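Engineer: Structure here, sequence nowhere to be found:
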């Protein structure tokens, strides 16, 4: 366990305050329950600019990408963050199937790179503290995603 500073704890609390903002809370709920990843060429048809869905996607992905960036830079202790934030991992799981296509479309290998790096470290941490839990969580996530897609 890393040594957590007061600054890191305060930054975590500030990020939590931001998560409680009503529009971001609404966007997060929609994203987790309704967002279905699509390739870039289909994105604007399914989630057109100006739509609530498009705004929700941008809010959620930019928020968690920002959080991941702060953790990846060491401004928040990994374990402190991982113990308190599983949603970033879920957001990455939703984005992962189309991340490579988005990177190619934008000619930018950094698209969602902070979330990806954070999720990989979170997987490693989780396996150290609760072996087998990552596989179980991925299986549950996959089942829930498939059930939502069929509905």
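Structural biologist: It's in. Computed from a predicted model, the values in this text were never measured in an experiment.

Engineer: So what touches the least confident helix or strand in the chain by mean pLDDT?
Structural biologist: Lowest on mean pLDDT, DSSP states H and E among the helices and strands of the chain sits helix 133-150, with a mean of 82. With contact meaning Cβ atoms under 8 Å, 6 or more residues apart in numbering, helix 133-150 is reached by 33-34, 36, 90, 93-94, 123, 126-127. (Glycine included, C-beta is placed from N, CA and C.)

Engineer: if you set the cut-off to 6 Å instead, what comes out?
Structural biologist: 93, 123, 126-127 (Cβ atoms under 6 Å, 6 or more residues apart in numbering).

Engineer: What of stretch 107-122?
Structural biologist: 64-65, 68-69, 71-72, 82, 88-89, 92, 95, 99, 102-103.

Engineer: Give me the buried entries from the residues you listed.
Structural biologist: 64-65, 68, 71-72, 82, 88-89, 92, 95, 99, 102-103 (16 or more other Cβ atoms under 10 Å).
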